[in-house]
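[1] Model the structure of this input:
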Amino acid sequence: MSELPQIKEDHTSTEWFQEVIRRAEEHGDKKRIEFWNPQAAANVLWMLAQGNSVAAVSKATGVARETIRGLSWRHNDTLETKRKEFSQRYAIAAEEYTDLLFSKAEQLCDNPEELAKIGPDRLALTVGILTDKASQLSGMAGVVIEHRKGASIDDAARLIAEARAKIAKKSIIIDAEVVA
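    Numbers count the residues shown, from 1 in each chain. Below you'll find the predicted structure:
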C-alpha cells in the first residue's frame, strides 16, 4: 500500500493559494473553505491535480470529502490546467528515464555477468510494458473487442428444448401394472 504524501508545503506564495483567495473574494461565501482556510484549500487542490483520490486527500489533509468535492467542482478549470502541467512534467521525466533505460540495456549487453543476474521475468515485464507503450504512441488500439457470430444463449436454449422434445417423442411409454 502506498504511503500518503505528507503535506508540508506552504502554498501561501504560490499560484494555488492566489487562485483560492481570488475565488473566495469572487464568491464572498464565508462558509466555503477558500475563505476560512485557504491554505488547506490550496493543499487539497494541489493533491487533486496530482491525481490523488478524494479519500487519500481527505486522509492526508483532514478535510471532509464533501468539501473536497466542492473544491474540485468550483476549481475544475484550474485543476485541468494544472493536471496538464503535471502531465507534461511526468512526460519529460519519462523521456529521461527511457534514455537511462536504454543506456542500462547497452551496459547489460556488454556485461554478460550482470545480465545473467537479471531474471527472465523482469526482462519479459520490461518488454511487455515497452511494447504496450509503443503501441499506444503509434496509435494502435490498446484493447481489441472481437464480435463473433454464432449461437446466442437463447438459440442454445431453443436447441436444447427441441432436442428434449424429439427425445420425448421417440420414447415409448408402456403402461405397466405391478401384480403382487
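[2] So what does the spatially most central residue of the chain look like in phi/psi?
    Nearest to the mean C-alpha position of the chain, by CA atoms, centre = their mean, lies residue 51 at 9.6 Å. Backbone torsions of residue 51, given as degrees, to the nearest 10, read phi 90, psi 10.
[3] Please report the distance of it from residue 79.
    Plainly put, residue 51 is 10 Å away from residue 79 if you go by CB to CB, to the nearest Å. The C-beta positions use only the backbone N, C-alpha and C, and glycine is treated the same way.
[4] tell me what whichever helix in the chain runs longest is packed against?
    Longest helix of the chain, by residue count under DSSP state H: helix 76-110. Counting contacts by 3 or more CB pairs under 8 Å, 6 or more residues apart in numbering; DSSP states H and E, helix 76-110 packs against helix 38-49, helix 112-116.
[5] right, so of those, which gets closest to residue 139?
    Across the helices and strands packed on helix 76-110, residue 139 has its closest neighbour in helix 38-49 (27.7 Å, CB to CB).
[6] so how far is that closest one from its chain's centroid?
    Helix 38-49 sits 21 Å away from the centroid of its parent chain (CA atoms, centre = their mean, to the nearest Å).
[7] Over to stretch 77-90?
    Using CA atoms, centre = their mean, the offset of stretch 77-90 from its chain centre is 17 Å.
[8] what's it in contact with?
    16, 19, 45-46, 48-51, 72 (CB atoms under 8 Å, 6 or more residues apart in numbering).
[9] One more: stretch 95-107?
    Contacts of stretch 95-107 (CB under 8 Å, 6+ apart): 114, 126.
[10] Near residue 164, how many other residues are there?
    10 (other CB atoms under 10 Å).
[11] so what pLDDT did it get?
    Looking at residue 164, its pLDDT stands at 87.
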